[in-house]
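Peer 1: Just the structure for this:
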Amino acid sequence: MSRLDWREYVVSDAAVLGGRPVVKGTRIAAQEVLDAVDRGEEVEAILATYPQLTRESVLAVIQFRLAQQYARDRKHMQRRGPMAPGPG
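Peer 2: Sure, this is the predicted structure:
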């Protein structure tokens, strides 16, 4: 099984939806897919709503969110500086 890379599925282009991240080859905002995930919709339900998507593209959008959260958390931790030593 090959490794899924969200960068192959989620793109930003100033000419498409004002540069918001979208699923490549569509005008479907990544946030629309993530909103469906947040509502608890299963991948199959999302695919029924957006038939131009693939299972891989939906999973890639979820991976995109995780990558964005990781980058944001990492940046936050770097701004905090070194952790204070713990007890003992």
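
Peer 1: Could you report the distance from the residue nearest to residue 36 when sequence neighbours are not counted to residue 38?
Peer 2: For residue 36, ignoring the flanking residues on the chain, the nearest one in space by C-beta to C-beta, 6 or more residues apart in numbering is residue 46 at 4.9 Å. C-beta: built from backbone N, CA, C; applies to glycine. When distance is defined by C-beta to C-beta, to the nearest Å, residue 46 is 11 Å away from residue 38.

Peer 1: can you check residue 45 too?
Peer 2: 13 Å.

Peer 1: helices and strands around the longest helix along the chain, which ones?
Peer 2: As assigned by DSSP state H, the longest helix anywhere in the chain is helix 55-80. Applying 3 or more C-beta pairs under 8 Å, 6 or more residues apart in numbering; DSSP states H and E, one finds that helix 55-80 contacts strand 10-11, strand 22-23, helix 30-38, helix 43-49.

Peer 1: closest to residue 66 out of those?
Peer 2: Residue 66 lies closest to helix 30-38 among these, at 10.6 Å (C-beta to C-beta).

Peer 1: For the protein, which helix or strand comes out least confident on mean pLDDT?
Peer 2: Counting by mean pLDDT, DSSP states H and E, the chain has its least confident helix or strand at helix 55-80, which shows a mean of 86.

Peer 1: got the angle between it and helix 30-38?
Peer 2: Angle, helix 55-80 to helix 30-38, by axes from the mean of the first three to the mean of the last three C-alpha atoms, to 10 degrees: 100 degrees.

Peer 1: Distance from the chain centre to helix 55-80, please.
Peer 2: Centroid separation for helix 55-80 versus its chain: 7 Å, with C-alpha atoms, centre = their mean, to the nearest Å.
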